[in-house]
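Q: sequence first, then the predicted structure:
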Amino acid sequence: MQIFLPIADVPVDLFVLLILGAAVGFLSGVFGIGGGFLMTPLLIFLGIPAAVAVATEANQIAASSFSGVLAHLKRRAVDFKMGNILVVGGLLGSAVGVEVFRIVKSYGQIDLFVSLCYILFLGSIGTLMFLESLSTIQRSRKSVNTFNHKKKHNWIHGLPFKTRFKSSNLYISAIPPVVIGFIIGILASIMGVGGGFILIPAMIYILGMPTKVVIGTSLYQITFITAFTTFMHATQNKTVDLLLALILIVGGVLGAQLGARVTVKLKAEEIRILLAIIVLLVCLKLALDLMMTPNDLFSITYSNES
Amino acid sequence: MRALIFSVIFIFSMSSFSLGAVISDIDKTDIELSTRFDGTSLLVFGALSPENDNTSLLVEVIGPSTSVDITKKVQIWGIWVNKKIAQFQDIPSFYKISISNPEHPILKEIEYQKLKSIFYDFLETNSTPEDDNGVEQYYHELTRLKKKLGKLSIFEEKINIIDKKLFSYKVTLPKKIHPGKYKIKMTLIDQQGIELSKSEQSVKVSKVGVQEFLSSNSKNNPVFYGLFSVIIALFLGFSAAQIFRWLYR
């Protein structure tokens, strides 16, 4: 069934969108990822303008992460103090990101910009994930897993503005969380992702947070950041397509519930290799689209709607 | 029904017509762009009193104006980048012209004059031609791309003429059209292309329902729209959490 998206200004098939939402939701349920970094490129492949795909995806993630954080709140698995500091950095990052987005958009190069950011991020993260899980598999075959998880005293502990994070049992400077939050805010606003794939490793390895509060706290921050990013994109760029977001939310919720209840008979490393391959394929498709000679060198765009 | 309207017009036309005149009507005056809009068509019909056998009827459908950029993809470091090469200010977003007599002697001339007065004259003067083809290249690309998008049609469709006195013409509109006022101009011309008589109708194309609510608020009340989008998303997230908690209790 064809429907016309009011802001994206393109006709799309409703069922294709629902299935897409459900498929990405399913993967996110299975892999425990947000899925924004898959959904935004897929929307672009469907012909939705990159600017709309990014802003709308932020709106969808606001829904899915809020839904997720509620469960963690009940289990008291959220470090509010850490979360709030991350949010402060995130709001700043988001404001900066949306402004950069607006400027690039005014030059008519936003599609290219978003694609390049994605190629860079998906390419590097996909490769890292692939190599790491490959070496983990090899290591586990030799069955000498000597991964030392002891907390180290690193450069983070030399920074000023130290404060105590009770839930995380940490006494560290507030600067690293602000900086990490800021980067997540930039990612959310420019790429339409929650940024969990950067945030969670950063919380564990840089901040040294205990794993039991990491997911809840990251969802807590992501909810705030994507909600704010949605608002900023709506006011600065007018690119949030609420109808598209609604369809994706419905599809995504159903898919994620299904995905979370499927027992995957795969080892963690194998799951990660699979995810890395998906990430690299999306990256490859984006890169090919930029490099292949287009069918039509010319195109027309409506510069100002009257 | 159509036959009845035709005959009524016919009877009236016989008494009040001077030579070389055209009168017309249209089967709808409003088109609603809902979320389910998938293109539509409308019927223009009327009567004409030909001066002689050598007159022809032109029907033009002219959509609301927009400004259009023509971009060309250029390769920079192996990547194809969009480069704006020309701009046309305030040209019809949709244009369709048809003629009752496809063998009209100066058809090519009419086509050129129409395209010139509708499109070509609105090329921004600061667009500098990049090669020897000059501005002709921009004209060519504009018409080619507009045709490709279904926004331009030149002498492709047929006008039904009955007994040299009545005409009917079905205008099809694609699924992606700009909202606004669409003018439909009927012009009776002679062999030299001189206008003998004119008649004009218009159709209002407007967004309705969800389509109208979202696109107008996004444009005119962005703060409200932004907050609304966030609240809806949070509400749905909350509902999903509640529903599934209840289901898997």
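A: Ah, there it is.

Q: buried ones in stretch A:3-20, by neighbour count?
A: Residues of stretch A:3-20 classed as buried: A:3-12, A:17-18, A:20 (neighbour count, 16 or more other CB atoms under 10 Å in any protein chain shown). The way it works is simple: take the backbone N, C-alpha and C, and place the C-beta from them, glycine included.

Q: so which of those residues are in helices?
A: A:17-18, A:20 (DSSP state H).

Q: can you pull the contacts of the residue in the stretch 101-250 of chain A that chain B sits nearest to?
A: Nearest residue of the stretch 101-250 of chain A to chain B (CB to the nearest CB) works out as residue A:234 at 3.2 Å. Contact analysis of residue A:234 by CB atoms under 8 Å, 6 or more residues apart in numbering or on different chains lists A:55, A:240, B:218, B:222, B:225-226, B:229.

Q: pretty sure residue B:199 contacts residue B:26?
A: No. Judged on CB atoms under 8 Å, residue B:199 makes no contact with residue B:26 at a distance of 10.4 Å.

Q: neighbour count winner among these two?
A: Of the pair residue B:199 and residue B:26, residue B:199 is the one with more neighbours under other CB atoms under 10 Å in any protein chain shown, namely 20 against 16.

Q: relative to residue B:25, how far out is the more buried one?
A: Relative to residue B:25, residue B:199 is positioned 9 Å away (CB to CB, to the nearest Å).

Q: between the two, which contacts overlap?
A: Common neighbours of residue B:199 and residue B:25 (CB under 8 Å, 6+ apart) are residue B:46.

Q: what helix or strand is residue A:287 on?
A: helix A:268-291 (DSSP states H and E).

Q: and that helix, what's buried?
A: A:269, A:272-276, A:279-280, A:282-283, A:286-287, A:289-290.

Q: again, but for stretch B:100-117
A: B:100-101, B:104, B:107, B:110, B:114-115.

Q: before we move on, the earlier item: and the contacts of residue A:234, which is closest to residue B:168?
A: The closest of the contacts of residue A:234 to residue B:168 turns out to be residue B:218 (CB to CB; 39.5 Å).

Q: excluding chain neighbours, what is closest to that closest one?
A: residue B:225 (4.9 Å; CB to CB, 6 or more residues apart in numbering or on different chains).

Q: who does the helix or strand hosting that neighbour touch, helix- and strand-wise?
A: Assigned by DSSP H and E, residue B:225 belongs to helix B:222-247. Other elements packing on helix B:222-247 under the criterion 3 or more CB pairs under 8 Å, 6 or more residues apart in numbering or on different chains; DSSP states H and E are helix A:50-74, helix A:211-236, helix A:242-261, helix B:209-220.

Q: in CSV, list those helices along with mean pLDDT and distance to residue B:243.
A: Formatted as CSV, these follow (pLDDT from 0 to 100; distance: least, CB to CB, whole Å):
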stretch, mean pLDDT, distance to residue B:243
helix A:50-74, 89, 10
helix A:211-236, 90, 18
helix A:242-261, 86, 9
helix B:209-220, 86, 23
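
Q: looking at those, which is nearest to residue B:83?
A: So among the helices and strands packed on helix B:222-247, helix A:50-74 is nearest, using CB to CB, at 17.2 Å.

Q: of the ones in helices among the buried residues of stretch A:3-20, which is the nearest to chain B?
A: Closest to chain B, out of all of these and judged by CB to the nearest CB, is residue A:17, at 12.5 Å.

Q: the closest residue in space to that closest one that isn't next to it in sequence: how many residues sit nearby?
A: Excluding its sequence neighbours, the residue lying closest to residue A:17 (CB to CB, 6+ apart) is residue A:247, at 4.7 Å. Counted with other CB under 10 Å, the neighbours of residue A:247 add up to 23.

Q: same question for the one 3 residues further on.
A: Neighbouring residues of residue A:250 were enumerated by other CB under 10 Å; the total is 19.

Q: who are the contact partners of it?
A: A:18, A:21, B:236.

Q: check the gap between it and residue A:18 for me.
A: Counting by CB to CB, the gap from residue A:250 to residue A:18 is 7 Å.

Q: swap in residue B:179?
A: From residue B:179 to residue A:18 the distance is 27 Å (CB to CB).

Q: now, the buried residues of stretch B:100-117 that are in helices?
A: Using DSSP H, these in helices are B:107, B:110, B:114-115.

Q: report the two of these separated the most.
A: Taking CB to CB as the measure, these have their most distant pair in B:107 and B:115, spaced 12.6 Å apart.

Q: any residues of the stretch 151-300 of chain A in contact with chain B? List them.
A: A:223, A:227, A:230-235, A:238, A:240-243, A:245-246, A:249-250, A:253, A:257, A:290-294, A:296-300 (CB under 8 Å from any CB of the partner chain).

Q: narrow these to those that are buried.
A: A:223, A:227, A:230-235, A:238, A:240-243, A:245-246, A:249-250, A:253, A:257, A:290, A:298-300.

Q: is any residue of stretch A:2-15 near chain B?
A: Yes. Using CB under 8 Å from any CB, stretch A:2-15 reaches chain B at A:2-4, A:6-7, A:9-11.

Q: format the residues you listed as TSV; extra columns: pLDDT.
A: As requested, the residues of stretch A:2-15 next to chain B are exported to TSV (pLDDT from 0 to 100):
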residue	pLDDT
A:2	84
A:3	86
A:4	86
A:6	86
A:7	87
A:9	82
A:10	86
A:11	85
